[in-house]
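Asker: Sequence and predicted structure are below.
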Amino acid sequence: MLPLMICGGILLLLVFVIIGIYNKLVTLRNRFKNAYAQIDVQLNRRYDLIPNLVETAKGYMKHEKETLEGVIEARAKAFSASKQAAANPGDATAMQGLMGAESMLGGALGKLMVLVERYPDLKANQTMSQLMEELTSTENKVAFSRQAYNDAVTAYNTEREMFPAVMIAGPFGFKPATLFEVKDEEKREAVKVSF
């Protein structure tokens with residue numbers, strides 16, 4: 001009878017350990033999903049600013065139609081990729097798509113900023129100045145949110161790779177999460193705005 005009670009106690013202890021590990025993985029996964037939601041808020045704010053920025057610049061930059069259209073197209077792709085990533089931040093393919101679209105948008109915005117420098121009247125425009133200030137602020141918030149997301153993803157991935165969680169993570173569907181990184185060093189920095 002005693003050996004049966006010991007085996008039952010060990011089995012019960014094992015069940016509690018598995019439940020504890022599972023709950024910790026769920027908590028960490030929810031943390032990185034929430035952190036992505038904060039990035040999404042800032043990205044949407046930026047996506048909302050871009051059309052106003054382009055509309056303000058259009059009057060001054062009539063000969064730069066290609067650049068303005070490039071910004072709008074890159075914004076549309078980034079917005080679409082953001083929605084796919086927001087639906088499931090743990091999906092590596094969606095995150096890769098978002099990182100690529102964000103790199104394209106950063107490049108298009110960089111070209112626009114270079115052109116703005118060539119138009120003194122546009123730089124002096126109060127609406128353009130306010131939009132550029134908001135964009136700079138938003139870029140800083142995106143960077144901060146991305147850092148918080150990457151910290152949460154790292155904590156989740158570390159926990160799911162450690163023993164004994166690694167034995168539970170796979171069978172229960174805890175897949176690795178993808179960091180939100182900008183690959184191009186030139187595009188790592190926030191959009192530069194100078195007047």
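Answerer: Sure thing, it's come through.
Asker: Setting aside sequence neighbours, what's the nearest residue to residue 87?
Answerer: Of all residues not flanking residue 87 in the chain, residue 94 sits nearest, at 7.2 Å (CB to CB, 6 or more residues apart in numbering). Placement of C-beta: from N, CA and C, glycine included.
Asker: count of residues packed around that neighbour?
Answerer: Look at residue 94: counted by other CB atoms under 10 Å, it has 19 neighbours.
Asker: And for residue 118?
Answerer: Residues near residue 118, counting by other CB under 10 Å, number 11.
Asker: Same question for residue 101.
Answerer: Based on other CB under 10 Å, the number of other residues close to residue 101 is 21.
Asker: so it touches residue 78, yeah?
Answerer: Yes - look at residue 101 against residue 78 with CB atoms under 8 Å: they come within range, at 4.1 Å.
Asker: Now do the contacts for the residue nearest to residue 87.
Answerer: Residue 94 is in contact with 81, 84-85, 87-88, counting by CB atoms under 8 Å, 6 or more residues apart in numbering.
Asker: Let me know the closest of the residues you listed to residue 36.
Answerer: Comparing the contacts of residue 94 against residue 36 with CB to CB places residue 85 closest, at 7.1 Å.
Asker: what helix or strand is the closest one on?
Answerer: Take DSSP states H and E as the rule and residue 85 turns out to sit in helix 65-87.
Asker: Now that helix: average pLDDT?
Answerer: On average, the pLDDT along helix 65-87 is 91.
Asker: List of residues touching that helix?
Answerer: Contacts for helix 65-87 (CB under 8 Å, 6+ apart): 36-37, 40, 43-44, 47, 50-51, 53-54, 57-58, 61, 91, 94-95, 97-98, 100-102, 104-105, 107-109, 111-112, 115.
Asker: Any quick ChimeraX command for the buried ones out of these?
Answerer: Listed next is the ChimeraX selection for buried residues among those, using 16 or more other CB atoms under 10 Å:
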select :36,40,43,47,50,53,54,57,61,91,94,95,97,98,101,102,104,105,107,108,109,111,112,115
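Asker: Which ones among the contacts of helix 65-87 map onto helices?
Answerer: Judged by DSSP state H, helices contain the following of the contacts of helix 65-87: 36-37, 40, 43-44, 47, 50-51, 53-54, 57-58, 94-95, 97-98, 100-102, 104-105, 107-109, 111-112, 115.
Asker: got the buried residues for the helix holding residue 85?
Answerer: Here helix 65-87 shows 67-68, 70-71, 74-75, 77-79, 81-82, 85-86 as buried, counting by 16+ other CB under 10 Å.
Asker: Just the CA trace of it, in CSV.
Answerer: Extracted as CSV, the C-alpha positions of helix 65-87 are listed here (Å, rounded to 0.1, in the frame of the first residue of the first chain):
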residue,chain,number,x,y,z
LYS,A,65,4.9,62.5,-57.7
GLU,A,66,6.8,59.2,-57.9
THR,A,67,8.3,59.6,-54.4
LEU,A,68,4.9,60.6,-52.9
GLU,A,69,3.2,57.6,-54.5
GLY,A,70,6.0,55.3,-53.3
VAL,A,71,5.4,56.5,-49.7
ILE,A,72,1.6,55.8,-50.0
GLU,A,73,2.2,52.4,-51.6
ALA,A,74,4.8,51.4,-48.9
ARG,A,75,2.3,52.6,-46.2
ALA,A,76,-0.5,50.5,-47.6
LYS,A,77,1.8,47.4,-47.6
ALA,A,78,3.0,48.0,-44.1
PHE,A,79,-0.6,48.6,-42.9
SER,A,80,-1.7,45.3,-44.4
ALA,A,81,1.3,43.4,-43.0
SER,A,82,0.6,45.0,-39.6
LYS,A,83,-2.9,43.7,-39.6
GLN,A,84,-1.7,40.2,-40.4
ALA,A,85,0.9,40.3,-37.7
ALA,A,86,-1.7,41.7,-35.2
ALA,A,87,-3.9,38.7,-35.9
